[in-house]
Each structure stands twice: as C-alpha cells, then as structure tokens.
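# Sequence and predicted structure below; questions after.
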Amino acid sequence: MIVSEFVGVGAAAELFGVSRYVAVPVIAVLVWWLMVKGNYQRVERFFLALTLVFIAYPISALIARPDWGLVARGALVPTVRADPEYILLTVALVGTTITPYMQMFQQDAVVEKGITAAELPYTRADVVVGCVFANLISIFIIIATAAALYYPAIAAGQPGATIETAEDAARALAPVAGQYAAQLFGAGIFGASMLAAGVLPLATAASICEAFGWERGVEREADEAPVFYGLLTFLIVAGALVALIPGVPVISLLIAVQVVNALLLPVLLVFITRMAGDRDLMGRYANGPRFRSAAWIVTTVVAALALTLVVSSVVLPLLSAPPGS
C-alpha cells in the first residue's frame with residue numbers, strides 16, 4: 001500500500017513537469033526526516049497543512065459545472081449494478097474511505113498525544129469533524145470525476161473516458177477545467193499521496209511494535225525505539241524503490257490497493273468492535289447499545305461487500321468455466 005502512495009507522488013510530480021525519479025526520492029527523504037527528526041506536534045502540523053491541498057477537489061467539482069439535479073438524484077437514488085466491474089469499484093471505494101491503517105493510526109495518535117480521560121470528548125469531536133471533512137472531499141471527487149470525465153460523453157451517446165494514468169485524467173479534465181486542469185488535479189493527488197505516504201509507514205511500524213511490545217512513537221529517540229525506526233525506514237525506502245520501477249500502472253495499482261484494504265477491513269473491524277464494546281476492557285468508555293449496533297451494522301455491510309466481490313470475481317468465473325479449461 002505504501003508503494004501506491006509513492007506512485008501517486010510520482011504521477012503528481014510529472015503533471016508539474018518534474019520527473020518521478022527526482023520527486024519520489026526527495027519526498028521519501030523528506031518523509032523519513034520528518035518522522036525521525038521531528039516530534040509528534042511537528043508531524044501532526046505537517047499532516048494538517050497537507051489537508052489544505054484537498055480544497056483542489058471542491059474547486060474541480062465547481063469548475064466542471066455538474067448538473068446538480070442529477071447529483072442530488074444520484075445521491076438519493078443510487079444506481080446499483082451486478083456486474084463485476086461495478087462491484088470492484090464499490091469495494092475499492094469502501095477500502096479507500098474506511099482504510100484499515102487509519103483505524104490503527106487513530107488509536108496510536110491518541111496514545112502518542114497523551115490524551116487524558118477528561119479530553120476524550122474533544123478527541124471524539126475531532127474524529128467526527130475529520131470524518132465529515134474527509135467524506136465531503138470524497139463527494140466532491142466523485143462529482144468532479146463524473147462531470148468532467150463521463151457525463152459529457154454519455155450525454156453525447158459515447159463511452160466515458162478511459163483513464164490509465166494521471167496524465168489521462170488531466171487531459172480529460174482540460175475541456176472543463178481549462179489550461180490549469182493538470183496543475184489542479186496534480187495538487188490533489190500530491191496532497192493525498194504525500195499525506196498517506198507519511199501516515200502509512202508510521203501506522204504500520206507502530207502497530208507491529210505494539211503487537212510485540214517494542215517501544216514506538218516519533219516522540220522516542222532512535223536509540224529508545226530502534227525497531228520502530230528501523231521498520232519506518234525500511235517501509236519508506238522499499239515503497240519508494242518499487243514506485244520507481246518503470247511502467248508501474250498507476251490507476252490499476254491504486255484500485256487494487258483499495259480493494260485489498262476493503263478485503264482486510266472486516267477482520268480488523270470485528271476485533272475493534274468487540275474491544276470497543278467490552279466493558280471489562282473499556283470500563284465506562286465502552287460502546288453503548290446504540291454505537292455497538294451501528295458498529296456491527298457497518299462491519300456486516302463491509303464484510304458482505306467483500307464476500308460479494310470474492311464470489312463475483314473468483315467463485316462464479318470458476319464455476320462457469322468450461323470443464324478442462
């Protein structure tokens with residue numbers, strides 16, 4: 001998954017005329033330096049600053065001039081299809097919205113910030129605001145994509161644009177977003193990829209160290225948490241190196257990664273939901289009946305989507321294959 005984020009960094013850089021072979025190593029070193037030399041407050045502020053880049057997506061959606069009547073109708077009455085491609089993208093959308101690594105990063109961030117019991121209501125509000133912001137950005141991404149890449153072609157009786165690279169997307173946006181389409185699109189990709197390129201290795205290294213009882217956290221010095229910083233360095237270097245392999249299919253890789261996220265998500269959600277509702281473990285902070293029911297509903301729906309994808313993409317093709325093929 002870390003590979004896909006550095007691939008995104010490289011794709012965004014090339015939209016600005018910078019070679020990925022320059023941009024990816026520079027960003028990898030920057031991310032590593034920030035994690036190793038910075039403290040938690042500095043890392044957090046850096047991530048927050050990156051979220052400002054996401055304003056590119058609402059701007060893209062407004063510039064694309066969508067039919068807001070169709071947008072409202074599509075939001076209230078979604079179109080559901082049973083073909084494998086539609087199911088694949090639906091599952092990928094879930095995987096990129098409720099990412100497994102963010103569940104781990106969130107709880108680790110609470111620990112690293114030293115949140116006290118009295119501050120938990122503020123932390124919950126922070127999470128809710130962050131989720132609302134993230135989903136609003138996702139909505140604008142969907143609107144901009146549909147309005148710029150697909151709706152004009154479909155209205156003219158033609159197939160939508162075929163997107164294989166970031167350059168393809170930028171070119172498809174140009175008729176509606178003008179000459180700055182590539183820069184606007186590139187800014188959004190760069191911000192999202194840069195943010196995840198920092199969060200992903202951090203969350204992964206912290207989770208592994210937590211599981212084995214090793215010291216972890218950017219507040220620790222390197223000699224206090226050698227395994228944590230070793231894992232962090234390895235993940236960043238490995239992700240950047242693989243992303244530099246010529247011919248990496250950017251869009252296909254991003255979709256595949258999000259599908260893997262969605263397939264792993266139900267397993268993680270089961271454990272999180274059980275722990276969050278365990279009064280022996282959580283005491284008075286355990287989920288009550290309302291939150292517990294909502295959590296299990298989300299877990300069940302995500303698991304059902306993952307199972308549907310496996311059945312439609314693997315099981316049914318195997319069953320329908322001619323004997324001996």
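That came in fine, so what should we check first? Numbering: from 1, shown residues only.

# okay, and for this structure, where does confidence drop off?
Low-confidence segments of the chain (pLDDT under 70): 1, 38-39, 100-101, 150-182, 250, 314-325.

# report the longest helix in it, please.
Among the elements of the chain assigned as helix by DSSP state H, the one spanning the most residues is helix 181-212.

# Which strands or helices does that one pack on?
For helix 181-212, the elements it packs on are helix 2-15, helix 20-37, helix 40-51, helix 56-63, helix 100-112, helix 166-177, helix 226-243, judged by 3 or more Cβ pairs under 8 Å, 6 or more residues apart in numbering; DSSP states H and E. C-betas here are computed from N, CA, C, even on glycine.

# and Ser207, what is it in contact with?
Ser207 sits next to Met104, Asp108 when contact means Cβ atoms under 8 Å, 6 or more residues apart in numbering.

# And it, how far from Arg292?
Distance from Ser207 to Arg292, counting by Cβ to Cβ, to the nearest Å: 24 Å.

# what separates Val132 from Trp214, distance-wise?
Distance from Val132 to Trp214, by Cβ to Cβ: 35 Å.

# dump the residue contacts of the residue nearest the centre of the chain.
What sits nearest the mean C-alpha location of the chain, by Cα atoms, centre = their mean, is Thr96, with 4.1 Å. By Cβ under 8 Å, 6+ apart, the residues touching Thr96 are Gln258, Asn261.

# swap the cut-off to 6 Å and go again
Counting by Cβ atoms under 6 Å, 6 or more residues apart in numbering, Thr96 makes contact with Gln258.

# Equivalent analysis for Leu231, please.
Counted by Cβ under 6 Å, 6+ apart, Leu231 has contacts Ala205.

# can you tell me the helix or strand for the residue nearest to the centre of the chain?
helix 84-97 (DSSP states H and E).

# Figure out how far that helix is from the centre of its chain.
Remark: helix 84-97 is offset 12 Å from the chain centroid, using Cα atoms, centre = their mean, to the nearest Å.

# Break down the stretch 201-325 of the chain into its strands, ranges please.
Ranges of strands within the stretch 201-325 of the chain: none, based on DSSP state E, counting those that start in this stretch.

# All the helices of it, residue numbers only.
Applying DSSP state H, counting those that start in this stretch to the stretch 201-325 of the chain gives helices spanning 226-243, 250-276, 279-282, 289-310, 316-320.

# Measure how buried the residue nearest to Thr308 when sequence neighbours are not counted is and give me the count.
Distances taken as Cβ to Cβ, 6 or more residues apart in numbering put Ile87 closest to Thr308, at 5.9 Å, once the chain neighbours are dropped. Neighbour count of Ile87, defined by other Cβ atoms under 10 Å: 19.

# wouldn't Ile87 be in contact with Ser312 here?
Yes. Counting by Cβ atoms under 6 Å, Ser312 is a contact partner of Ile87 at 5.2 Å.

# Now do the contacts for the residue nearest to Thr308.
Ile87 neighbours (Cβ under 6 Å, 6+ apart): Thr308, Leu309, Ser312.

# Now list the buried members of these.
Leu309, Ser312 (16 or more other Cβ atoms under 10 Å).

# tell me which of the contacts of Ile87 is nearest to Tyr57?
Closest approach to Tyr57 among those (Cβ to Cβ): Leu309, at 26.2 Å.

# that older thread, what would the helices of the stretch 201-325 of the chain look like in JSON lines with distance to Leu136?
JSON lines is the format used below for the helices of the stretch 201-325 of the chain (distance: least, Cβ to Cβ, whole Å):
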{"stretch": "helix 226-243", "distance to Leu136": "28"}
{"stretch": "helix 250-276", "distance to Leu136": "19"}
{"stretch": "helix 279-282", "distance to Leu136": "30"}
{"stretch": "helix 289-310", "distance to Leu136": "19"}
{"stretch": "helix 316-320", "distance to Leu136": "36"}
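
# Looking at the ones you listed, spot the one closest to Ile55.
From those, taking Cβ to Cβ, the stretch that ends up closest is helix 250-276, at 21.2 Å.

# tally of neighbours for Ile255?
Neighbourhood size, Ile255 [other Cβ under 10 Å]: 19.

# no wait, Val237
Number of residues near Val237 (other Cβ under 10 Å) recorded here: 15.
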